[in-house]
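Visitor: Sequence below, structure please.
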Amino acid sequence: SAMMVLLTAVLALVVLLYAIGTGWDQRGRNFHALWQFQLMGICGAFLTGDAFNLFVFFEVLLIASYGLMIHAGGARRLKAGVQYVIYNLLGSTLFLFALGTLYAVTGTLNMADLAVRAVEIPVEDSALLRVGAMLLFLVFAIKAALLPLHFWLPNTYAEAPAPVAALFAIMTKIGAYAILRFYTLIFGPDLDVTANLIDDVLLYGALLTLAAGMIGILG
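Guide: Next comes the predicted model:
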């Protein structure tokens, strides 16, 4: 977590200096306020130890990143921003369902407590735990833009201003980081109920990514 926050801080400083130096931050209103909210969301997501707080920081990210996305206006940029919001609102809805399911089963959303209580749940609740774990994976896969849930990413990167696109490069890593954190700390291989739950999905997703990348290069 500390390493990701440090990387975010260094990148944000460099990009902010670029935005100020080129005058890009003056092309629209509230750039610096939105920039700080974006950084708060990113750093908060990396540092939090509570699943509900992670949801809150995801929403802060969504609001701030949309404002930065459409900074300085433009019809194409607005269209890409709306598409970005729709996909991420879908992810937010799934996130709430996942949190509700996990809380109903374990009675907590603290990540450390979840890791302990997931081991102790009765057999009749194991299916609900798997559902919650799978929903979380879908949410984080959308945030990380993993194939085939990447449809919001190409237009967003293409239309986003250069400083914003640079910060988006860190933002998508939050999804990948969350997958690593949840599926090692909470739903790791030692938990029989969710062991190997996403292994096949990740394998086929990686193969699909390779195939799509090669087709894109050839095309």
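Visitor: got the contact list for residue 201?
Guide: Contacts for residue 201 (CB atoms under 8 Å, 6 or more residues apart in numbering) come out as residue 137. Where you see a C-beta, it was placed from the backbone N, CA and C, and this is true even at glycine.
Visitor: then the helix or strand residue 202 falls within to CSV, C-alphas only?
Guide: Remark: residue 202 resides in helix 199-218, with elements defined by DSSP states H and E. What follows is helix 199-218, C-alpha atoms only, in CSV (Å, rounded to 0.1, in the frame of the first residue of the first chain):
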residue,chain,number,x,y,z
ASP,A,199,-8.2,-19.1,-11.2
ASP,A,200,-9.9,-20.3,-14.4
VAL,A,201,-11.4,-16.8,-15.0
LEU,A,202,-8.0,-15.2,-14.7
LEU,A,203,-6.4,-17.8,-17.0
TYR,A,204,-9.0,-17.5,-19.8
GLY,A,205,-9.0,-13.7,-19.3
ALA,A,206,-5.2,-13.6,-19.8
LEU,A,207,-5.4,-15.8,-22.9
LEU,A,208,-8.2,-13.6,-24.3
THR,A,209,-6.1,-10.5,-23.6
LEU,A,210,-3.1,-12.0,-25.5
ALA,A,211,-5.3,-12.9,-28.4
ALA,A,212,-7.0,-9.5,-28.5
GLY,A,213,-3.6,-7.8,-28.3
MET,A,214,-2.1,-9.8,-31.2
ILE,A,215,-5.2,-9.2,-33.3
GLY,A,216,-5.0,-5.5,-32.6
ILE,A,217,-1.3,-5.4,-33.6
LEU,A,218,-2.0,-7.3,-36.8
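Visitor: For it, list every residue counted as buried.
Guide: residue 205 (16 or more other CB atoms under 10 Å).
Visitor: how distant is it from the center of its chain?
Guide: 20 Å (CA atoms, centre = their mean, to the nearest Å).
Visitor: Next: stretch 74-85.
Guide: Here the centre of stretch 74-85 is set off from its chain's centre by 19 Å, with CA atoms, centre = their mean.
Visitor: residues making contact with it?
Guide: Residues outside stretch 74-85 that contact it (CB under 8 Å, 6+ apart): 62, 65, 66, 69, 70, 151, 152, 155, 156, 158, 159, 160.
Visitor: Recalculate using a threshold of 10 Å.
Guide: Applying CB atoms under 10 Å, 6 or more residues apart in numbering, the external contacts of stretch 74-85 come out as 62-63, 65-71, 92, 151-161, 164, 168.
Visitor: Measure how far stretch 106-121 is from the centre of its chain, please.
Guide: Offset of stretch 106-121 from its chain centre (CA atoms, centre = their mean): 22 Å.
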